[in-house]
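Novice: okay, predicted coordinates and the sequence, questions at the end:
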Amino acid sequence: MELRVSTALLALCLTVSAQDPPEFIAGDARKAEKAGDFVRAYLLYAEAAAQGPKNLRYWLRSQALQSRALTALGPHLSVGTDARPAAPVETDPLTPEDITESRQLQPPLRLQGQPGVRDINAKGDSKLVLEQAMKGFGIEVVFDAEYQPVANIKFQLERATFAETVAAVQASTSSFLVPISERMALAARDTQPKRQQLEHTMAISIPLPEPVSVQDAQELARSVQQMFEIQKFGVDSQRRIAVVRDRASKVIPAVALYQDLLRPKSEVMIEVDFLEVNRSKSREIGLQWQRSATLSYFAGPKGVTFQNLANVVRMGKLTSVLGIAISGIEALATMSDRDGRTLYNASMRTSEGTAVNFHLGDKYPVMTAGYFGNTTGTGQVYTPPPTFNFEDLGVVLKITPRVLEDNVVAMEVEAEYKVLTGEALNGIPVIASRKVTSAVRLQQGEAAIVAGLMRSNEARTLTGIAGLANIPALGALFRQDLKSEDNTEALLVIRPRLLRTPAHKYETRTLYTGTETKPHIPL
């Protein structure tokens, strides 16, 4: 099937002289476009592009008028079956450089308006206003085939830049511009279907910074996608990149916001000092008497002698054969002082909002199950091995920092101190636990005592002869006095230091995004 052009159109093609310069042909094409003859304008621009291949503007202009030319040419086309097949078109083979260049991703087109400020004063329909406003900055405007101009518009600006002029003329004419090249734009009525049809679509990949986790990046991507109603916004956890695809008016501000949100969180160095001081004193003074005696028989074959009575308390007459032996008396005066200090220092680095855990001590095994049945009998008796849980003894610390204004760090602190009591219940040791949960706000480098533990034990022991040891004044000669004091003090000190600037200290970018129904297209 072949489309055949009418005789009038063939005659029109013959009127184009191949000897005319491309500038003259382009001038005739502009006149035909203004006159509404889009078919002639399209053919003339195509001829100018063929005569001057270095001027890309002629070819872009012809492509912009192609749809309107085909629409105007519709009644002159007929379908024929007897036409001869068209001759093959000869094309130059593509080089590897051409293929490589065609596969490279290119940024969206941007209009390059002339720098400086202009005074714009235009009056007429929307087409004329758009052309005159953009002509002052060296931009040509072509119109969509379905563009219906709005009449009686007066547009005036003083000392306006290119960006200000574009924003103002689009709002005044209810139109939007789509870049075709750096010096040419396509104008269309500002409706949602037209934006969906004509606005450029772009895709951008964003590498994720290392300090940002994939979960945080996905949450941020979901928030930005809902805010701008992005069609596709995905995060690749393996390659650590985020991909955004939609119209340019949505993608560019969404990417700017996402990059601002992806700034790494501030990092905090938390210095922990655990100080433990132990003091003990003991004093022992007094006389240590014999606490027991043996009743002995002292008579010999020749009677009771003096040697037999040495260190013996006589009972009855000298002829008594029974007595109690008394040993020597000891005087005691001893003392003992002990002073010990233990200091643990640790530095922990974490990100804002991420909890850091610290354990200072040992893991003590506590049996939770075991077999205690009968193991005797015929054959081999299976005894299952016992099971254990390892209990963290010492200091267990959990800190969650958050950075506020003016380098203030708010921290949620959970501290627990566990020690063995020395007692056991059914063979399971009893563990004493002390726990504190607190919140503290500190300036950078400021120290705070978040937990303290003081334990004091005093004991006095009296040992002596019953009855005699309690006699006032004289009782000190018959007893032994022992005094002991044990003091333990433990302090937990934390000190935060900022290692990375908080996210709220960074300056964010301000972008003009237009309205929700008419988003701004970056030109």
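Specialist: Cool, got the structure. Model, not experiment: these values are computed from the prediction.
Novice: from the chain's centre, how far out does stretch 242-252 sit?
Specialist: 22 Å (CA atoms, centre = their mean, to the nearest Å).
Novice: repeat for stretch 205-214
Specialist: 9 Å.
Novice: contacts only, for P519.
Specialist: R247, S249, K250, T513 (CB atoms under 8 Å, 6 or more residues apart in numbering). Using the backbone N, CA and C atoms, a C-beta is placed for each residue, glycine as well.
Novice: can you do 7 Å?
Specialist: Contact analysis of P519 by CB atoms under 7 Å, 6 or more residues apart in numbering lists S249, K250, T513.
Novice: can I get the residues you listed in JSON lines with secondary structure?
Specialist: Shown next, in JSON lines, are these (DSSP: H, G, I helix; E, B strand; the rest coil):
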{"residue": "S249", "secondary structure": "helix"}
{"residue": "K250", "secondary structure": "helix"}
{"residue": "T513", "secondary structure": "coil"}
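Novice: what residues sit buried inside stretch 273-284?
Specialist: F274, L275, E276, E284 (16 or more other CB atoms under 10 Å).
Novice: okay, now the unreliable bits of this structure?
Specialist: Within the chain, the stretches with pLDDT under 70 are 1-20, 67, 70-95, 97-105, 289-329, 372-379, 381, 503-504.
Novice: now the helices for it?
Specialist: For the chain, helices defined by DSSP state H occupy the ranges 7-14, 22-35, 38-51, 56-73, 96-103, 126-135, 162-173, 192-198, 214-228, 248-261.
Novice: so which of those helices is the most surrounded?
Specialist: Ranked by average neighbour count under the criterion mean count of other CB atoms under 10 Å, the helices of the chain are headed by helix 38-51 at a mean of 23.
Novice: which helices and strands does that one pack with?
Specialist: helix 7-14, helix 22-35, helix 56-73 (3 or more CB pairs under 7 Å, 6 or more residues apart in numbering; DSSP states H and E).
Novice: how near is the closest residue in space to S237 that isn't next to it in sequence to R240?
Specialist: Spatial nearest neighbour of S237, excluding adjacent residues (CB to CB, 6 or more residues apart in numbering): V214 at 4.5 Å. Distance, V214 to R240, using CB to CB, to the nearest Å: 7 Å.
Novice: contacts for stretch 490-502?
Specialist: 264, 266-276, 349, 399, 401, 403, 407, 409, 411, 415, 442, 444-453.
Novice: do that again at 6 Å, thanks
Specialist: 266-276, 403, 409, 415, 442, 444, 447, 449-453 (CB atoms under 6 Å, 6 or more residues apart in numbering).
Novice: report the buried residues of stretch 405-418.
Specialist: N407, V409, M411, V413, E414, A415, E416, Y417, K418.
Novice: and for stretch 454-468?
Specialist: Applying 16+ other CB under 10 Å to stretch 454-468 flags G464, I465 as buried.
Novice: off-centre distance for it?
Specialist: 61 Å.
Novice: then it to PDB, C-alphas only?
Specialist: Extracted in PDB, the C-alpha atoms of stretch 454-468 (Å, rounded to 0.1, in the frame of the first residue of the first chain):
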ATOM      1  CA  MET A 454      26.900   3.400  97.300                       C
ATOM      2  CA  ARG A 455      27.100   0.500  99.700                       C
ATOM      3  CA  SER A 456      28.300   0.600 103.300                       C
ATOM      4  CA  ASN A 457      28.600  -2.200 105.800                       C
ATOM      5  CA  GLU A 458      29.600  -1.900 109.500                       C
ATOM      6  CA  ALA A 459      30.000  -4.800 111.900                       C
ATOM      7  CA  ARG A 460      31.200  -5.200 115.500                       C
ATOM      8  CA  THR A 461      32.100  -8.500 117.100                       C
ATOM      9  CA  LEU A 462      32.600  -9.100 120.900                       C
ATOM     10  CA  THR A 463      34.300 -12.400 121.900                       C
ATOM     11  CA  GLY A 464      35.100 -13.200 125.600                       C
ATOM     12  CA  ILE A 465      34.100 -15.000 128.800                       C
ATOM     13  CA  ALA A 466      30.400 -15.100 129.300                       C
ATOM     14  CA  GLY A 467      29.300 -12.900 132.100                       C
ATOM     15  CA  LEU A 468      32.700 -11.400 132.700                       C
END
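Novice: now the contacts of stretch 490-502: which count as buried?
Specialist: Among the contacts of stretch 490-502, those buried by neighbour count (16+ other CB under 10 Å) are 266-270, 272, 274-276, 403, 409, 415, 442, 450-451, 453.
Novice: closest to R189 out of the residues you listed?
Specialist: S266 (48.8 Å; CB to CB).
Novice: give the contact list for that closest one.
Specialist: E352, V403, R500, P502.
Novice: likewise A331?
Specialist: Listed by CB under 6 Å, 6+ apart, the contact partners of A331 are L287.
Novice: who does it bridge with?
Specialist: Note on A331: beta-bridge partners by DSSP bridges are L287.
Novice: now E458
Specialist: Beta-bridge pairing of E458 under DSSP bridges involves E485.
Novice: quick check: it touching D486?
Specialist: No - with contacts counted by CB atoms under 6 Å, E458 stays clear of D486, the gap being 7.9 Å.
Novice: returning to what we had before: mind putting the contacts of P519 in JSON lines, distance to I465 included?
Specialist: Output for the contacts of P519, formatted as JSON lines (distance: CB to CB, whole Å):
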{"residue": "S249", "distance to I465": "104"}
{"residue": "K250", "distance to I465": "100"}
{"residue": "T513", "distance to I465": "99"}
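Novice: for those, which one is nearest A203?
Specialist: For those, the nearest to A203 is K250 (12.0 Å; CB to CB).
Novice: separation between the closest residue to that closest one other than its chain neighbours and Q215?
Specialist: With sequence-adjacent residues excluded and distances taken as CB to CB, 6+ apart, K250 is closest to F228, at 5.0 Å. F228 sits 21 Å away from Q215, going by CB to CB.
Novice: number of residues surrounding the closest residue to Q288 other than its chain neighbours?
Specialist: Once flanking residues are discounted, Q288 sits nearest to E330: 4.2 Å by CB to CB, 6+ apart. Neighbour count for E330, taken as other CB atoms under 10 Å: 11.
Novice: repeat that for T517.
Specialist: 9.
Novice: find the nearest non-adjacent residue to it, please.
Specialist: Nearest non-adjacent residue to T517, counting by CB to CB, 6+ apart: Q192, 7.5 Å away.
Novice: what's near enough to touch the residue nearest the centre of the chain?
Specialist: When CA atoms, centre = their mean is applied to the chain, the residue found nearest the centroid is V212 (4.3 Å). Residues near V212 by CB under 6 Å, 6+ apart: L262.
Novice: against I399, how distant is it?
Specialist: 22 Å.
Novice: got it, and V150?
Specialist: Distance from V150 to I399, by CB to CB: 65 Å.
Novice: again with N152
Specialist: For N152 relative to I399 (CB to CB), the value is 70 Å.
Novice: the two - which one has more neighbours?
Specialist: Between N152 and I399, counted using other CB under 10 Å, the more crowded position is I399 (22 against 8).
Novice: the more buried one and A415 touch, don't they?
Specialist: No - using CB under 6 Å, I399 is not in contact with A415; the gap is 8.9 Å.
Novice: find residues that contact each of the two.
Specialist: In contact with both I399 and A415: no residue, using CB under 6 Å, 6+ apart.
Novice: now G138, nearest residue through space, not along the chain?
Specialist: Nearest to G138 is Q114, by CB to CB, 6+ apart, at 4.6 Å.
Novice: if we can go back for a sec, do I have it right that the residue nearest to S237 meets D236?
Specialist: No - the pair V214 / D236 is not scored as a contact, 9.0 Å apart, by CB under 6 Å.
Novice: quick one: the strands in the stretch 301-450 of the chain?
Specialist: Taking DSSP state E, counting those that start in this stretch as the criterion, the stretch 301-450 of the chain carries its strands at 312-314, 322-325, 330-351, 356-369, 387-403, 408-425, 428-443, 448-464.
Novice: need these in JSON lines with distance to F137, can you?
Specialist: JSON lines is the format used below for the strands of the stretch 301-450 of the chain (distance: least, CB to CB, whole Å):
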{"stretch": "strand 312-314", "distance to F137": "131"}
{"stretch": "strand 322-325", "distance to F137": "128"}
{"stretch": "strand 330-351", "distance to F137": "48"}
{"stretch": "strand 356-369", "distance to F137": "57"}
{"stretch": "strand 387-403", "distance to F137": "47"}
{"stretch": "strand 408-425", "distance to F137": "50"}
{"stretch": "strand 428-443", "distance to F137": "54"}
{"stretch": "strand 448-464", "distance to F137": "62"}
